Structure formats: structure tokens, C-alpha cells
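*Asks:* Here is a sequence together with a model predicted from it:
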Amino acid sequence: MAIEQIKMPQLGESVTEGTISKWLVSVGDKVNKYDPLAEVMTDKVNAEVPSSFDGVIKELIAEEDGTYEVGEVILTIETEGGSSDAQATEGSSAPAKEEAPKEEAKSQASTPAADAPKAGRYSPAVLKLSQEHGIDLSQVAGTGAGGRITRKDLNKIIESGNIPTADNAPKAEAPAKAEAPKQEAPKAAASKPAKAAGTNVPVVPGDEEIPVTGVRKAIAANMLKSKHEAPHGWTMMEVDVTNLVEYRNSIKGEFKKKEGFNLTFFAFFVKAVAQALKEYPQINSMWAGDKIVRKKDINLNIAVATQDALYTPVIKNADEKTIKGIAREIGELAGKVRAGKLTGADMSGGTFTVNNTGSFGSVQSMGIINHPQAAILQVESIVKRPVVMDNGMIAVRDMVNLCMSLDHRVLDGLVCGQFMQRVREILENTSKENTSVY
């Protein structure tokens with residue numbers, strides 16, 4: 001027999017951690033290679049972790065709702081056969097080496113400070129949480145399998161405010177004296193509102209505390225990283241899309257009937273951005289410490305929102321696709337997001353992000369760059385406005401604002417202005433006479 005480890009996989013190019021949203025197996029279950037073991041959630045994707053071996057589940061090391069770094073062991077599987085090296089470890093020389101630590105552990109178990117053998121049984125999430133809040137794990141009673149301490153156990157302690165530390169460990173003497181502070185504590189606490197664990201945010205009756213887990217936690221980490229690392233610049237340009245609107249509206253009914261999906265305005269914008277990126281490849285770059293990486297492929301992330309999260313699936317090689325092809329892919333990717341069926345492949349490889357903020361009525365916004373990309377473009381609402389034309393006459397036109405956030409380490413105003421002017425030129429020249437959706 002051999003014990004094999006299953007580790008947290010990397011489910012995307014920039015993904016560094018994942019959250020176990022649900023175990024699909026239990027200890028003792030027999031599994032085959034490629035059987036799903038757990039559902040894992042990241043800021044990029046929800047996916048199943050498959051088994052790499054045939055065998056029996058030995059131990060579930062990770063906890064549900066626990067977040068673990070890529071490469072951390074999440075469970076072990078007992079397999080048949082093992083390698084010759086593994087069998088040698090179980091041979092005659094191994095017991096002699098293992099005997100000493102066991103004897104030492106027994107002698108240390110009688111002293112309060114003997115944490116080392118027990119500590120090996122704590123998950124990384126439990127250890128991290130205990131260190132952040134100064135919790136003495138030797139004073140915590142676990143509710144997990146076999147008495148293991150879980151993250152939920154620690155969260156309950158943190159919320160209660162009664163943190164067991166090494167300084168307040170129970171002592172054998174004077175139990176009566178220890179009673180008094182415990183009886184007085186509720187009276188003192190009642191005079192002022194409680195605070196959310198680890199913060200100065202007051203919590204009063206009626207307030208709702210929502211745990212930050214899964215996708216929201218990952219989004220927060222990525223946005224914070226982007227704002228901290230990238231010096232954001234911002235620019236905006238207005239575009240007259242009257243001809244584009246007339247063209248799209250004139251063919252959308254026939255297109256839907258023929259193709260079976262909608263021809264959205266957003267598809268025209270994505271195509272224009274892809275074409276302009278091909279002409280201004282500096283924009284299609286990433287900051288990489290001591291160098292700037294200019295990406296060859298033009299893979300556009302599009303932002304798709306759900307009720308409680310934002311996903312950015314990727315249209316690969318967007319510059320090679322027609323407006324029809326882009327419209328189809330936008331619809332398919334949005335459908336996958338809402339059905340929770342995005343894969344790692346759907347989320348990987350993005351080089352530039354286009355966000356359709358106009359879909360909910362925005363007319364001006366400042367996006368946070370999708371790290372480690374160099375820029376993000378926000379497409380705002382198309383609105384009818386009176387505009388002074390070249391001949392001095394005033395006309396009602398369909399106008400849209402394009403807002404771009406840029407990483408000033410990679411890009412400067414000149415090239416970004418040229419890029420935006422090119423996007424505007426493409427859009428303003430989109431018409432029935434000049435443009436084919438096929």
C-alpha cells in the first residue's frame with residue numbers, strides 16, 4: 001500500500017488559491033482515477049478536482065469553506081501497489097528511525113508546551129486563523145472528525161470575543177477567583193455595541209454579518225493587488241455611434257431569426273477593440289517586474305456579473321473572429337457564468353478586458369485593471385444627446401462614452417490616446433455600407 005497526496009490544483013493562469021466549496025467523497029470511499037473528489041471555487045471558475053489515482057480515501061485534510069493555496073495538500077488516498085521506494089520505507093530500517101520520535105512524543109505529552117505532534121493535525125487555514133487572532137489551539141475543543149479543530153470552531157470563538165490565549169490558559173489553583181471576571185464580562189459588554197471580528201466595525205442588533213468567502217474573497221484580493229501595485233491612470237472619449245445603432249437595429253431581427261442568438265451592440269465594441277489592439281500592440285501588454293511582456297495573442301476578457309460576483313471569461317483570438325462569431329461567444333460565455341459551468345480554459349489567457357458597464361445604465365466609470373493586464377476599457381450606455389455638427393447645426397445623435405483605466409508603469413497617455421482614437425474611428429465608420437457582421 002502507498003499513501004498518495006492530492007493537492008490544490010491551479011485552475012487559472014493567475015489563480016493562487018481555491019476554496020473547497022463541497023466534498024464529493026468521504027473517508028473510506030473507493031475512488032477510481034478521474035473520479036471527482038471536490039468542488040473548488042476561485043475568483044475565476046467553479047470546477048471539480050479529479051482523482052489522480054485508484055484507491056480509498058484515507059484522510060480529508062482540507063475543510064469545506066476553507067481556502068488553500070495552490071499546491072497545498074487537500075486529501076490523501078491509499079493506493080495498492082506503491083513504488084519500490086515507498087515499500088522500502090516500510091521495511092526493516094524504517095521502524096528504528098520512527099521509534100525515537102514516538103517515545104519522545106509520549107514523554108512530551110505530559111507537559112503543557114508539547115504542541116508539536118498535535119500541530120501537524122491542524123489544517124493550514126486553522127493555523128493561519130489561530131496565528132492572526134492569537135488563539136491557543138491547545139485550549140480549543142474541536143468538533144470535526146476525530147476531534148479535529150475546524151475553521152468554523154475558530155470563527156465561533158472569534159465572534160464570541162472570548163479568545164483563549166497562552167496567557168489566559170486555565171490553571172489548577174484558585175478556580176473560584178477565575179469565576180468573577182467571567183460573571184462581570186457580560187455587564188461590561190452590554191454597555192457598548194459588539195464589533196465585527198478583527199475590525200473596528202460596530203455591530204448592533206439587526207445588522208447582518210455576511211462571511212467573505214469563495215469568489216467574493218478572491219475578487220477582493222485581486223482588486224486590492226491591482227490597486228496597490230498598478231498606478232492607475234484614466235482617460236475618457238465620447239463616440240458618435242448613430243450609424244452603428246441604425247445598422248444594428250436594421251438587421252437584428254433577421255439576424256436572430258437566421259442565427260438563433262442576439263446581435264448585441266457589445267459585439268461591435270469588442271470587435272473594434274480587438275482590431276485596434278492589433279494596430280497598437282503596446283496596449284496588449286503586462287507588467288512583469290523587470291520587464292514588460294507584450295502578448296502575441298489578443299484574448300479579450302469580458303465582464304459578466306451575477307447577483308453576488310463578477311466573472312471575466314475570455315474570447316480567445318478575438319481579432320480573428322467576425323462580429324457574428326464574437327456575438328455567439330459572448331452569449332455562450334454569459335450562459336456558462338449564470339449556469340455555474342465555466343471551466344479553467346474559459347477563464348485563462350486573457351490579455352485585455354472590456355467591460356459592458358452600459359448594460360446597467362452607467363454613463364461614466366473608472367474600472368480597476370484586471371491584474372496583471374495593462375488596461376481595461378469600460379463601454380458605457382448609448383444615449384441620445386444634442387450634438388453640434390461640423391456645419392454648425394444641432395442634431396440628436398446616439399453617443400457613448402468609452403472609459404479606459406491604464407497601468408502607468410506600462411502605458412503612457414500618448415499611446416492610449418491613439419488607441420482610443422482608433423477605436424472611435426472604427427465605431428463611427430461602422431455602417432451598413434462599410435461593415436459586415438459575417
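*Replies:* Ah, there it is.
*Asks:* Now residue 220. Its backbone dihedrals?
*Replies:* Dihedral angles of residue 220 (phi, psi; degrees, to the nearest 10) stand at phi -60, psi -40.
*Asks:* cool, and residue 67?
*Replies:* Dihedral angles (degrees, to the nearest 10) for residue 67: phi -110, psi 130.
*Asks:* wait, it sits on residue 21?
*Replies:* No - in this structure, residue 67 is not within contact of residue 21 by C-beta atoms under 8 Å, at 10.3 Å. (C-beta placed from N, C-alpha, C; glycine too.)
*Asks:* When the two are compared, which one has more neighbours?
*Replies:* With neighbours defined as other C-beta atoms under 10 Å, residue 67 and residue 21 compare such that residue 67 has more, 24 against 16.
*Asks:* so what's the more buried one closest to, chain neighbours aside?
*Replies:* What sits nearest to residue 67 in space, not counting adjacent residues and going by C-beta to C-beta, 6 or more residues apart in numbering, is residue 19, at 4.6 Å.
*Asks:* number of nearby residues for that neighbour?
*Replies:* By the criterion of other C-beta under 10 Å, residue 19 has 23 neighbours.
*Asks:* Listing partners with orientation, what would you give for the helix or strand encompassing it?
*Replies:* Assigned by DSSP states H and E, residue 19 belongs to strand 17-23. Taking DSSP bridges as the criterion, strand 17-23 sits next to strand 36-41 (antiparallel), strand 67-69 (antiparallel) in its sheet.
*Asks:* Deepest in the core, which of the ones you listed is it.
*Replies:* strand 36-41 (a mean of 21; mean count of other C-beta atoms under 10 Å).
*Asks:* what's next to that one, contact-wise?
*Replies:* Contacts with strand 36-41, where a contact means C-beta atoms under 8 Å, 6 or more residues apart in numbering, come from 6, 8-9, 11, 18-25, 31, 46-51, 57, 62, 74-75, 214-215.
*Asks:* Take the helix or strand following it, keep the C-alpha atoms, and write them as PDB.
*Replies:* Next helix or strand after strand 36-41 toward the C-terminus (DSSP H and E): strand 46-50. Extracted in PDB, the C-alpha atoms of strand 46-50 (Å, rounded to 0.1, in the frame of the first residue of the first chain):
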ATOM      1  CA  ASN A  46     -16.000  26.800 -10.200                       C
ATOM      2  CA  ALA A  47     -14.500  23.300 -11.000                       C
ATOM      3  CA  GLU A  48     -14.300  19.700  -9.800                       C
ATOM      4  CA  VAL A  49     -11.000  18.300  -8.600                       C
ATOM      5  CA  PRO A  50     -10.500  14.800 -10.100                       C
END
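*Asks:* who does strand 46-50 pair up with?
*Replies:* strand 36-41 (antiparallel).
*Asks:* So for the partner strand, mean pLDDT?
*Replies:* For strand 36-41, mean pLDDT is 88.
*Asks:* Stretch 286-304 now?
*Replies:* Averaged across stretch 286-304, pLDDT comes to 95.
*Asks:* got the CA positions of the strand holding residue 19 in CSV?
*Replies:* C-alpha atoms of strand 17-23 as CSV (Å, rounded to 0.1, in the frame of the first residue of the first chain):
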residue,chain,number,x,y,z
GLU,A,17,-5.7,29.7,-4.2
GLY,A,18,-9.0,28.0,-4.2
THR,A,19,-11.9,27.3,-1.8
ILE,A,20,-13.3,23.8,-1.1
SER,A,21,-17.0,24.5,-1.6
LYS,A,22,-18.1,20.9,-1.2
TRP,A,23,-16.5,17.5,-0.7
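*Asks:* Off-centre distance for that strand?
*Replies:* Centre-to-centre, strand 17-23 and its host chain are 12 Å apart (C-alpha atoms, centre = their mean, to the nearest Å).
*Asks:* do the same with stretch 330-349
*Replies:* On the basis of C-alpha atoms, centre = their mean, stretch 330-349 is displaced by 14 Å from the centre of the chain it belongs to.
*Asks:* and what of stretch 356-368?
*Replies:* In terms of C-alpha atoms, centre = their mean, the centre of stretch 356-368 is found 21 Å from the chain centre.
*Asks:* With stretch 127-134 instead?
*Replies:* Chain-centre distance of stretch 127-134: 23 Å, with C-alpha atoms, centre = their mean.
*Asks:* Now do the buried residues in it.
*Replies:* Neighbour-count burial for stretch 127-134 flags 129-130 (criterion: 16 or more other C-beta atoms under 10 Å).
*Asks:* Restrict it to CA atoms and write it as CSV.
*Replies:* Once non-C-alpha atoms are left out, stretch 127-134 reads as follows in CSV (Å, rounded to 0.1, in the frame of the first residue of the first chain):
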residue,chain,number,x,y,z
LEU,A,127,-3.1,27.5,11.8
LYS,A,128,-3.3,30.8,9.9
LEU,A,129,-6.5,31.9,11.6
SER,A,130,-5.2,31.0,15.1
GLN,A,131,-2.0,33.0,14.5
GLU,A,132,-3.9,36.0,13.2
HIS,A,133,-6.0,36.1,16.4
GLY,A,134,-3.6,34.8,18.9
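*Asks:* What values do phi and psi take at residue 347?
*Replies:* Dihedral pair for residue 347: phi -100, psi -10, per degrees, to the nearest 10.
*Asks:* Look at it and say how many residues are nearby.
*Replies:* Other residues near residue 347 come to 24 when the count uses other C-beta under 10 Å.
*Asks:* For residue 154, what are phi and psi?
*Replies:* Dihedral pair for residue 154: phi -70, psi -40, per degrees, to the nearest 10.
*Asks:* isn't it right next to residue 128, touching?
*Replies:* No - the pair residue 154 / residue 128 is not scored as a contact, 9.8 Å apart, by C-beta under 8 Å.
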